[in-house]
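**Student:** Pasting a predicted model and its sequence here:
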There are 4 protein chains.
Amino acid sequence: MAFPSIRGVVPILVTPFDEAGRIDEASLKRLVDFNIAAGVHGLGVAIGSEVFKFNEAERDTVIRSVVAAVNGRVPVVINSGAAGTDLAVHYSRRAEELGADALMVIPPNFMPVGAEEIADYYRQISRAVSIPIFLQDVVQAPIPPALARRIAEECEHARYIKVETVPVVSKVADMVREVGEALTIFGGAGGSYFIEEMRRGSAGTMPFCSQPAAFVEVWNRFQSGDAAGARDVFDRSIMAVNRLGQQGGDLFYALHKQLLVRQGVIRTAVVRSPTLRLNPTTQAEIDTLLAALVPTPRQFDA
Amino acid sequence: MAFPSIRGVVPILVTPFDEAGRIDEASLKRLVDFNIAAGVHGLGVAIGSEVFKFNEAERDTVIRSVVAAVNGRVPVVINSGAAGTDLAVHYSRRAEELGADALMVIPPNFMPVGAEEIADYYRQISRAVSIPIFLQDVVQAPIPPALARRIAEECEHARYIKVETVPVVSKVADMVREVGEALTIFGGAGGSYFIEEMRRGSAGTMPFCSQPAAFVEVWNRFQSGDAAGARDVFDRSIMAVNRLGQQGGDLFYALHKQLLVRQGVIRTAVVRSPTLRLNPTTQAEIDTLLAALVPTPRQFDA
Amino acid sequence: MAFPSIRGVVPILVTPFDEAGRIDEASLKRLVDFNIAAGVHGLGVAIGSEVFKFNEAERDTVIRSVVAAVNGRVPVVINSGAAGTDLAVHYSRRAEELGADALMVIPPNFMPVGAEEIADYYRQISRAVSIPIFLQDVVQAPIPPALARRIAEECEHARYIKVETVPVVSKVADMVREVGEALTIFGGAGGSYFIEEMRRGSAGTMPFCSQPAAFVEVWNRFQSGDAAGARDVFDRSIMAVNRLGQQGGDLFYALHKQLLVRQGVIRTAVVRSPTLRLNPTTQAEIDTLLAALVPTPRQFDA
Amino acid sequence: MAFPSIRGVVPILVTPFDEAGRIDEASLKRLVDFNIAAGVHGLGVAIGSEVFKFNEAERDTVIRSVVAAVNGRVPVVINSGAAGTDLAVHYSRRAEELGADALMVIPPNFMPVGAEEIADYYRQISRAVSIPIFLQDVVQAPIPPALARRIAEECEHARYIKVETVPVVSKVADMVREVGEALTIFGGAGGSYFIEEMRRGSAGTMPFCSQPAAFVEVWNRFQSGDAAGARDVFDRSIMAVNRLGQQGGDLFYALHKQLLVRQGVIRTAVVRSPTLRLNPTTQAEIDTLLAALVPTPRQFDA
């Protein structure tokens, strides 16, 4: 395998669309380049990519485009969890065939099942593939440390866990302490507690893809011992974006896409339906924030 | 359209599988015949069919098999909701192409959106098809009466609503009183309050498919004025099955499938992973109940 | 201590009110006698008693009345959990002073805290009293088996646990298997799965107080090896009441109080505000069920 | 009534404790003075004051101390909601007797009831008092605009609503548009979206009490037309405190109390049990933030 270990800043790509809601592959390619140029350590396709709004053909198109654009420069992580085990195996195999370097798999949670059934789900997926798997510990389907350990022990390819259940900071700390020798721990939650998570032993984070340079600088400064400098970059560049994007609903999609448009990276900020409509007041607030972050908008030039 | 109006008992079909978890079309055909022979007024494919565990090819297979087996004898309702509007349109059109007589569509709820966005989702689906739509009012995505009315007014094909939010009985009553002239109201919730719901104006229910004759008899007796007789059939045949099946988890799949196997309707009681394992004690409790309901098991004879 | 061990049927008393919503102590005394005459093994004051609607003076009145009426014939269990540790200690000490034989204590859940803080809450309560404590495992504040064990080991008086998280039957089984030697396990959930829970090792249940004779008969038959007879009593007497009472909302209070009025045990079926209003249709459904259970109503005769 | 209308910054007071967890009235008095000196427009006692951990005598002590310390300088708002209507009436009358200028009342939500029952709860409270009432729209018990309007029309004293359900910013906008002429709308949610809420028509907010000068400056600048200046104060002083305090659990109590100790306002940062323990890493992160906000700690001097 080309990538023996994934660490650092692994942004989840948004999916750029054209005005009719079709996948815009040219913008997606630029988005990949923009992130790699900023020094990210990997790229992902997941909920932040609106994958839950795709049919299977669209899912394939996005994976194929991302893999082609990345072209082996960094590892690509593809979300392949599902409400059924066979379906998750189907998505996982397909992602591997299309060139994914790793998978990210949410526990089944559509119907309540127990630890035994969840472990079995991961065992079946692990046996079906030959690339590493990130477990996802999310609010809808939390993974307690004891279950994470069991899955790590029983599943050859379960190697990472992305922790996003509240309180996230102490959940990361618990996971590092109790399962840290068996799984590599990543933070999530939009990167809001990136520094706190690194301080407790996380090996990276999966933030949005609109500010890769800032996240990479936070990572580099923190890893080189400059926690105060990392904090300064975070507070100056990232905190206000997170605050505005976390007001509830799915406003964060529009916010990050507009920030990418303003930087000349993608062509439109279209979010697929259903998505909260932006009224003029909200749009003005986004505009004010983006103008402060990117004083001179760049033109997209496909 | 062949079916100007859907009323009465419209069971949701389980999906029979073989030992390897593949769809067993011969059993599915017998299951359809068994239900139609019992006098049901329609048949559905939905959560009770484990559709959330299917890939798109399997989804097509099940719809195609059910439509072929039904062969126009009763209307077929197909679940086609999704977390994205385009995806729900995709599923809805496909279901219509494959011969569905009606659609059942859950509101989008993966990301929180508002009434405006939900109405827009239904408008786009309604414009894309020419068959009637059942709205689904479920715990994860409740539809208040005012929103149901708005959708009914704005969407040509929104004609029915299946009500399943708690307290279900009074929610059915509210919906009948406030939206009853615009939408036909169905009950749900496994048929546990079928009689109470009819008394408040529901036009039918969508129960499991393992006891169609009992549900049809409850319907016929109640509609002909014999509420006491309906109650007696319900309490004698249905209540104990519901009680055992509602203990939490997804035990109800195994329970209804085993009841169908014992009646010689389907070949195996396999439920796709993830599903709660049945330990010997639970299996013995199911056995005792089934033995009381179907003293002499019949052999499946494909 | 008079009661070395609590086992069997321990109904939670409703609180009878007069027409103005004041506690009706005469009815409460009759309700206690009615239950003891039926052979119950203990009595409780808890959520089923509407304690969350009482001020401290009313809480004292109810405990005092129940203790006086019981007069040592069976153990009395008093709910004394709270959102704060000091407040739970305050309620617990007060209950012991007023004569409680045991306490029932819900984990703190108003603000999310961890296992360490929950264990500390129970330690402080245990140190403040000298009577046994029932832990409460409820949907709003589940207690995993590992936490139950820890509390049992660290708290001298933690001796019982009432299990009510879903799926209840398998949760009881898990708790018996993993903590059964340290805690005595009770079922809950209105007694809907009383027999299934006994089969998995529960030592009793805490049902409503309107059908004590039926619950005691189920207990006696099951304990003496007659599971089929227990099932028959349950299905004939209890199942239909549970079904009607579990339709959502707080209808069960009115249902059980009306059943007690009809048996001549308490004077009114008043439930304190807020409580769902009963429309004539719902009232007629309750009337039909009660008429079947108690053909000849008895007069209350204070 | 002394205060015809409440607008602006109305912080919720923390309750200072001594090392043994007893209410520290001297610190409470200084906290009141500190806030009034900063120019706040009112003060409140609510969840942020840990009221849910108090017995009735302690509740009285806190209200009495706050009313005495304020001494008519600004209006005092007291939380008096409860799970039962009689209990909420009891708390509300008591608060009025002890000198509250207004009440804040959460809808009953311990048992699910309908709009009719919620309106009745507010009617009974409103009839029992002669001071204005803030409705509370919270995640556990949301108040849709139509219900807010109904309560405003039926309850003489229902005059305000504090909006805290997600997405908070658009919920404030909806409430202003649909009920703004009947109720005065306040924001909540720790003040995280104070400016956005004012822009949509909120008349004030109820933040924590550790940074009253900053909140008052944001209010004054925004009201005088200087939105950019307001934003600058918010981003510089408040945003980082909110970010750290919102990581989940109840860490915010310790954070705000420590910030007050560092400013010499209260004597200890004790939070009553249950409260999340602070490990050394978390404490160091709080220390770093507080050192940046208050470079020179002041000594408490009772």
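**Tutor:** Yes, it's here. From a predicted model like this one, the values you see are computed outputs, not experimental measurements.
**Student:** Dihedrals phi and psi, residue A:8?
**Tutor:** phi 100, psi -140 (degrees, to the nearest 10).
**Student:** so what's it up against?
**Tutor:** A:40-42, A:203-204, A:216, A:219 (CB atoms under 8 Å, 6 or more residues apart in numbering or on different chains). All C-beta atoms are positioned from the backbone trio N, CA, C, and that covers glycine.
**Student:** and chain C, which of those contact it?
**Tutor:** Among the contacts of residue A:8, no residue sits close to chain C (CB under 8 Å from any CB of the partner chain).
**Student:** Let me know the closest of the residues you listed to residue C:115.
**Tutor:** Residue C:115 lies nearest to residue A:203 out of the contacts of residue A:8, by CB to CB, at 25.4 Å.
**Student:** returning to what we had before: of the contacts of residue A:8, buried ones?
**Tutor:** A:40-42, A:203-204, A:216, A:219 (16 or more other CB atoms under 10 Å in any protein chain shown).
**Student:** could you redo those residues as TSV and give each row pLDDT and secondary structure?
**Tutor:** TSV is the format used below for the buried ones among the contacts of residue A:8 (pLDDT from 0 to 100; DSSP: H, G, I helix; E, B strand; the rest coil):
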residue	pLDDT	secondary structure
A:40	98	coil
A:41	98	coil
A:42	98	coil
A:203	98	coil
A:204	98	strand
A:216	98	helix
A:219	98	helix
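**Student:** that older thread, quick check: of the contacts of residue A:8, which lies closest to chain C?
**Tutor:** residue A:203 (23.5 Å; CB to the nearest CB).
**Student:** surely that closest one meets residue A:176?
**Tutor:** No. Using CB atoms under 8 Å as the test, residue A:203 is too far from residue A:176 to be in contact (9.1 Å).
**Student:** quick one: pLDDT of the closest residue in space to residue A:138 that isn't next to it in sequence?
**Tutor:** Excluding the flanking residues, the one nearest residue A:138 by CB to CB, 6 or more residues apart in numbering or on different chains is residue A:164, at 5.1 Å. On pLDDT, residue A:164 comes in at 93.
**Student:** repeat for residue A:134
**Tutor:** 98.
**Student:** Over to residue A:302?
**Tutor:** On the pLDDT scale, residue A:302 gets 67.
**Student:** Not counting its neighbours along the chain, what's nearest residue A:41?
**Tutor:** Going by CB to CB, 6+ apart, residue A:41 has residue A:8 as its nearest residue, at 3.2 Å.
**Student:** what pairs with that neighbour across the strands?
**Tutor:** residue A:204 (DSSP bridges).
**Student:** mind checking how far it is from chain D?
**Tutor:** 21 Å (CB to the nearest CB, to the nearest Å).
**Student:** Also residue A:104?
**Tutor:** 22 Å.
**Student:** Quick check: that residue is in a strand.
**Tutor:** Yes. Residue A:104 forms part of a strand when assessed by DSSP: H, G, I helix; E, B strand; the rest coil.
**Student:** For the closest residue to residue A:141 other than its chain neighbours, which residues are in contact?
**Tutor:** Of all residues not flanking residue A:141 in the chain, residue A:109 sits nearest, at 3.8 Å (CB to CB, 6+ apart). Going by CB under 8 Å, 6+ apart, residue A:109 touches A:83, A:140-141.
**Student:** now those in JSON lines, with neighbour count, pLDDT and secondary structure?
**Tutor:** Shown next, in JSON lines, are the contacts of residue A:109 (neighbours: other CB atoms under 10 Å in any protein chain shown; pLDDT from 0 to 100; DSSP: H, G, I helix; E, B strand; the rest coil):
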{"residue": "A:83", "neighbour count": "18", "pLDDT": "96", "secondary structure": "coil"}
{"residue": "A:140", "neighbour count": "12", "pLDDT": "87", "secondary structure": "coil"}
{"residue": "A:141", "neighbour count": "16", "pLDDT": "91", "secondary structure": "strand"}
